[in-house]
Structure formats: C-alpha cells, structure tokens
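**Student:** Quick one, structure for this:
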Amino acid sequence: QLPEEYILFYGNILPYKGLGILYEAYKSKKDILPKLVVAGKGHDLCLDEMNEDDRCVVINRRLSNQEICELINRSKFVVCPYISMSQSGIPQTVYSFVKPIIASDLDGFKEVVDNNCNGLLFANGDVAALAQCLVRMATDLDLYKSFTEELSAFESRYPDYAWGNIADKFISYYINC
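**Tutor:** The predicted structure is shown next:
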C-alpha cells in the first residue's frame, strides 16, 4: 500500500503539528514531489481533503513501533511543520535511519537540525518557504547525499542527542534518585 517513494509526516495528529501548512505547501508543488504519507492517530481539518487526494496516503490510527520504523526506513525524508513545540524525539529517531528532516525553525528543532547540513529549516508557518524546502530536498540529489553523509555521523557529532546517551543519562538519574 505504501508508495515506492514518499515524504513522511508521522506522529499524533494535533493542531499544533502544522499538518495544514504541510498540505498547503505540498499541494502547490505536488506535481514534482513524491507522494505524501501522513501516519498517526488524530484529527486535522485537512485530513478529509487529503483522503480524497490520490497523491496522499493517510494512515489515521495508532502505529506500532515496528510500523513507525518501517515508515521512516522506506521514506525519502520526514517533515515536521510544527507551529509550536517544546521538544521532539522525531529528529533523533529519523536520524538513526539516516533520513534527513525538514522542520519549522522552532528552538526545539534548531537544537538538532543544522540547516543546510543535516536537514532544512523553514520560517514557522511560511507555506511558500516550506514548499521550497520540499522541492529542494526532493530534487537536489547532491544536497540530499550530503545530508545523509552528515547524518551517518550524527551520534558522534551530537552526543547529547544520541539515544544511547539519553538512555544512559536516564538510567543514571533513576539509579541516583
């Protein structure tokens, strides 16, 4: 059921995640972009229209960890068009699959998405800027290759955000409490 090549948005579908912004940007360039897969449980006003769009695949239900891994692994890249946030584990998870990310320029993403180095950031809420990022990531093969090369070394370059280090800190904290 999944397309051979696709852009992925995943996680709980909530208003602050900016799915409407992503869909508007995607619609403006969908003739030159891979299909869009939206996966996760929740509701957004744009889901009805996306369900009618043959360039979109909507999986609106809670996903198992195995399904999430498969979705990320088979995707070309992941998009996080959040309108607001504090933190997200999505970049670190996606990076462990050596997949680049496009995200809004919120502080939580700017900590781990190094613009034009391991992914792309766009101005929060800017549909046109997101559309440009989508096209750039999907069509600039040299840029995409440089991102995946950079992501191969993510854990050594960003040790504070490596899952192993996060787990070790959590265990240490738990033991010492």
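
**Student:** hey, let's count contacts and neighbours off CA atoms from now on
**Tutor:** Will do.

**Student:** Can you mark which positions in stretch 12-27 are buried?
**Tutor:** 12-13, 17-27 (16 or more other Cα atoms under 10 Å).

**Student:** Also stretch 63-81?
**Tutor:** L63, I68, L71, I72, R74, S75, K76, F77, V78, V79, C80, P81.

**Student:** so where do the helices sit in the protein?
**Tutor:** 19-29, 47-52, 65-74, 90-95, 107-110, 127-139, 141-151, 154-157, 163-176 (DSSP state H).

**Student:** and the third one, what does it pack onto?
**Tutor:** Based on contacts counted as 3 or more Cα pairs under 8 Å, 6 or more residues apart in numbering; DSSP states H and E, the elements that helix 65-74 packs against are strand 6-10.

**Student:** what's the closest of the helices of the chain to L120?
**Tutor:** Of all the helices of the chain, helix 127-139 sits nearest to L120, with 6.7 Å by Cα to Cα.

**Student:** Just the angle for the closest one relative to helix 19-29, thanks.
**Tutor:** If you take axes from the mean of the first three to the mean of the last three Cα atoms, to 10 degrees, helix 127-139 sits at 60 degrees to helix 19-29.

**Student:** Next, the contact list for V79, please.
**Tutor:** I7, L8, F9, L22, I101, I102, A103 (Cα atoms under 8 Å, 6 or more residues apart in numbering).

**Student:** Let's see if you can find the most crowded of those residues.
**Tutor:** I101 (28 neighbours; other Cα atoms under 10 Å).

**Student:** was I right about that one contacting K76?
**Tutor:** No. In terms of Cα atoms under 8 Å, I101 does not count as a neighbour of K76; the distance is 9.4 Å.

**Student:** what are the C-alpha coordinates of stretch 76-85, in PDB please?
**Tutor:** Extracted in PDB, the C-alpha atoms of stretch 76-85 (Å, rounded to 0.1, in the frame of the first residue of the first chain):
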ATOM      1  CA  LYS A  76      12.800   9.700   1.400                       C
ATOM      2  CA  PHE A  77      12.600  12.300   4.200                       C
ATOM      3  CA  VAL A  78      10.500  13.400   7.100                       C
ATOM      4  CA  VAL A  79       8.700  16.700   7.600                       C
ATOM      5  CA  CYS A  80       7.800  18.400  10.900                       C
ATOM      6  CA  PRO A  81       5.900  21.600  10.100                       C
ATOM      7  CA  TYR A  82       5.100  22.300  13.800                       C
ATOM      8  CA  ILE A  83       3.600  25.600  14.800                       C
ATOM      9  CA  SER A  84       4.700  25.300  18.400                       C
ATOM     10  CA  MET A  85       6.600  22.800  20.500                       C
END
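
**Student:** Let me see the contact set for A103.
**Tutor:** Contacts of A103 (Cα under 8 Å, 6+ apart): V79, C80, P81, Y82, F109, V113, L120, L121, F122.
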